[in-house]
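Enquirer: Here is a sequence with its predicted model. Questions after.
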Amino acid sequence: MIVDALFPTYRFDKAETDEFMVIDQWSYLWAAFSGPLFVLSKRLYALALVDLIAMIVILGGIVFGLTLIVHLFSASLEGMILMLLTVAGGFALNGIVAVRLVRHGYMQQGWRLGY
């Protein structure tokens with residue numbers, strides 16, 4: 001399914017302590033709206049700064065895309081649909097970036113992807 005391909009579930013295991021952690025589709029939703037706060041909640045401080053920069057770049061892309069759509073399509077139905085898709089795509093991309101940064105941070109801290 002497309003949702004599982006875009007938003008995969010990750011299970012991390014720590015062999016020394018038998019701990020595990022799961023990042024699922026709900027994590028993507030939380031990360032989409034909170035961005036760096038999601039990364040901060042996982043105690044990955046340097047990566048939260050990277051996510052803040054990524055979020056600013058994504059926001060710039062959304063503003064550029066919306067400006068372009070307004071100039072090309074004005075107030076047409078196609079323009080409105082494209083604006084909605086641009087904003088939704090930006091939020092989805094923000095969530096994907098934040099989760100990938102958390103995944104990278106966990107792998108650097110010695111967690112391994114579970115099976």
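Expert: Happy to help now that I have it.

Enquirer: where exactly do the helices run in this protein?
Expert: Assigned helices in the chain, in chain order: 2-6, 25-34, 36-41, 45-73, 77-108 (criterion: DSSP state H).

Enquirer: S27 contacts F38, correct?
Expert: Yes - S27 lies in contact with F38 (Cβ atoms under 8 Å); the separation is 7.4 Å. Yep, even glycine has a C-beta here, placed from its N, CA and C like the rest.

Enquirer: Now the common contact residues for these two.
Expert: V99 (Cβ atoms under 8 Å, 6 or more residues apart in numbering).

Enquirer: Who has more neighbours out of those two?
Expert: Neighbours of S27 and F38, each counted by other Cβ atoms under 10 Å, are more numerous for F38; the result is 25 against 19.

Enquirer: Give me the pLDDT for L40.
Expert: Per-residue pLDDT puts L40 at 96.

Enquirer: Now do the contacts for it.
Expert: If a contact means Cβ under 8 Å, 6+ apart, then L40 has A48 as its contacts.

Enquirer: Under the pLDDT cut-off, which ranges of this structure? List them.
Expert: Applying pLDDT under 70 to the chain picks out residues 115.

Enquirer: Residue nearest the middle of it, spatially speaking?
Expert: Nearest to the mean C-alpha position of the chain, by Cα atoms, centre = their mean, lies G95 at 1.7 Å.

Enquirer: wait, isn't that one in contact with L29?
Expert: Yes - taking Cβ under 8 Å as the contact criterion, G95 and L29 are neighbours in contact, 6.7 Å apart.

Enquirer: thinking again about what came up before, out of the helices of the chain, which is closest to A15?
Expert: Between A15 and these, the tightest spacing by Cβ to Cβ is seen for helix 77-108, at 13.3 Å.

Enquirer: Only the buried residues of the closest one, if you could.
Expert: Neighbour counts using 16 or more other Cβ atoms under 10 Å place 79, 82-83, 86, 90-99, 101-103, 105-106 of helix 77-108 among the buried residues.

Enquirer: Distance from that helix to the middle of the chain?
Expert: 5 Å (Cα atoms, centre = their mean, to the nearest Å).
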